[in-house]
Structure formats: C-alpha cells, structure tokens
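*Asks:* Got a sequence here, can you build the structure:
(2 chains)
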Amino acid sequence: TQLLEQSPQFLSIQEGENLTVYCNSSSVFSSLQWYRQEPGEGPVLLVTVVTGGEVKKLKRLTFQFGDARKDSSLHITAAQPGDTGLYLCAGEGTGFQKLVFGTGTRLLVSP
Amino acid sequence: GAVVSQHPSWVICKSGTSVKIECRSLDFQATTMFWYRQFPKQSLMLMATSNEGSKATYEQGVEKDKFLINHASLTLSTLTVTSAHPEDSSFYICSARASRRSPYEQYFGPGTRLTVT
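*Replies:* Predicted structure coming up:
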C-alpha cells in the first residue's frame, strides 16, 4: 500500500513568515500533485511535478520533487492570510490510475 | 477550463432514505471519475473509481451495494447513497480525469455535504 505522510500536520504562523511543508513516502511515484482546499470546497490543483529533482514556482510557492520521486516539498515565502487552507499532496503510482493522497497539512496564517 | 460541478452542494435527509449526488464535467470529457469521502479536518479517502460505460471499482471496505455509482456518459457520474444512516454523514467530493495519459491531473468538484438525521 502506498502512503504519503505530510508534515507538519498543522502550522500556525504570522503573515510574512516563510514555511515548508513536506510530503514523504517509501514508494516511487510517476508524478506528484499539490492541492489547496478551503473549508467546504473541493481541492484546487496548484501544480504537478513529474521529473525527479524538478522545481516549479508559482508566485510565492516553490514546489520540489525529490530526486528519487519518493518525496516532495512545498515552500511558501512571505505567507499571507490568503494562503490559509488545507494543503494536500497526491501521488500517481506507477501503473495505477488513481491518486494516493497525503495526510494533509492545515495552514493558518494570521495577519 | 476543466470545471467540475456537483449537485446538490448540500443535502439533509432522513435515516433510511436514499440520496443521489451528481458530478458533471462541464467543459471536457471525463474518461474516469473518482468519488472521495472526507471527514472533518482529514484528508480525502477514495471510495471508488468509475470509467464511462463500465462498472465502478470500489476501494477495500467500501460497500458497493450501499454506494451505487453510475457513469452513464463522458460528462456525468452519479453516486447514490442507499438507505442512508447518520454515520454516512460526510463531505463527498468527485473528481474527473480528462484522459488516460500520464502524468494526468484530476479536477475536483466543489463537494456535497450530506447530513443524515
């Protein structure tokens, strides 16, 4: 069974701080996606990373896929209250069509 | 692009009744649709995968006779919760995948909150 563990589970920070969320597994994934979900809504896709070592930037968000394609990180620079939400990583396993979702990281950014 | 809608957005029903939730891909054809369940402050739990025109594949522990899934067209999948009980109360989310290519991306609906009284 493929599992994705996210850390930390919960993070409460002040506006302007930087933070990193980690997504780790012992399994190799063909691709990995990051989503953000707000209360009462469905997850919204932020990025997909495919190649080991790949780095993608989305404004203040930087995503990295591990060299071995077993882990990923999300770094947010100068966090804003609008970044508040549940961040989910999800991996596509080799030969599978379904996504394996991480345990989630709940971020709260206070003004 | 890649918009997925769900209807209804919330529903309250009495114990023992059945509830149908619709999931539609609005601007693309979805070869595969997925149904998830999410408990408060938790991650998404995959319930089943449905491919258009074929029977759904259910995850271990999910009762297929209780959660009926129909993927009748490339833009519509439905989830029917039969003989609902209070423990079925949850947030149900569908997602749709546009093609079988890899890497693929899933686009999620806004979710349906079901409350069984």
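
*Asks:* Please identify the residues of chain A in proximity to chain B?
*Replies:* Residues of chain A found near chain B (Cβ under 8 Å from any Cβ of the partner chain) are A:30-31, A:33, A:35, A:40-45, A:48, A:50, A:88, A:90, A:92, A:97-99, A:101-104, A:106. Heads up, the C-betas are built off the backbone N, CA and C, glycines and all.

*Asks:* Just the ones of the residues you listed in strands?
*Replies:* By the criterion of DSSP state E, membership of the residues of chain A next to chain B in strands covers A:30-31, A:33, A:35, A:44-45, A:48, A:88, A:90, A:92, A:99, A:101, A:106.

*Asks:* Low-confidence ranges, chain A, go.
*Replies:* Within chain A, the stretches with pLDDT under 70 are A:1, A:94-97.

*Asks:* Buried ones among the residues of chain A next to chain B?
*Replies:* For those, a burial check counting by 16 or more other Cβ atoms under 10 Å in any protein chain shown picks out A:31, A:33, A:35, A:41-43, A:45, A:48, A:50, A:88, A:90, A:92, A:97-99, A:101-102, A:104, A:106.

*Asks:* Contact partners for B:Ala72?
*Replies:* B:Glu52, B:Thr78 (Cβ atoms under 8 Å, 6 or more residues apart in numbering or on different chains).

*Asks:* in what helix or strand does it lie?
*Replies:* Using DSSP states H and E, B:Ala72 sits in strand B:67-73.

*Asks:* moving C-terminal of that strand, what's the next helix or strand?
*Replies:* Trace forward from strand B:67-73 with DSSP H and E and the next one is strand B:76-81.

*Asks:* Give me the residues contacting that following strand.
*Replies:* Here strand B:76-81 has contacts from B:18-24, B:30, B:33, B:35, B:47, B:50, B:66-72, B:88, B:92, B:94, B:96, B:114, using Cβ under 8 Å, 6+ apart.

*Asks:* tell me the angle the helix or strand following that strand makes with strand B:67-73.
*Replies:* The C-terminal neighbour of strand B:76-81 among helices and strands, as given by DSSP H and E, is strand B:90-97. Going by axes from the mean of the first three to the mean of the last three Cα atoms, to 10 degrees, strand B:90-97 is angled at 30 degrees with respect to strand B:67-73.

*Asks:* which stretches of chain A form helices?
*Replies:* Using DSSP state H, no helices are found in chain A.

*Asks:* Return the list of helices and strands in contact with the helix or strand of chain B with the lowest mean pLDDT.
*Replies:* With mean pLDDT, DSSP states H and E as the measure, the helix or strand of chain B carrying the lowest mean pLDDT is strand B:106-108 (a mean of 88). Applying 3 or more Cβ pairs under 8 Å, 6 or more residues apart in numbering or on different chains; DSSP states H and E, we find strand B:106-108 packed against strand A:44-49, strand B:90-97.

*Asks:* just checking, what packs against the longest one?
*Replies:* Contacting strand B:90-97 under the criterion 3+ Cβ pairs under 8 Å, 6+ apart are the following elements: strand B:4-7, strand B:19-25, strand B:32-38, strand B:76-81, strand B:106-108, strand B:112-116.

*Asks:* still on that earlier bit, mind listing the strands the least confident helix or strand of chain B pairs with, and their directions?
*Replies:* strand B:90-97 (antiparallel) (DSSP bridges).
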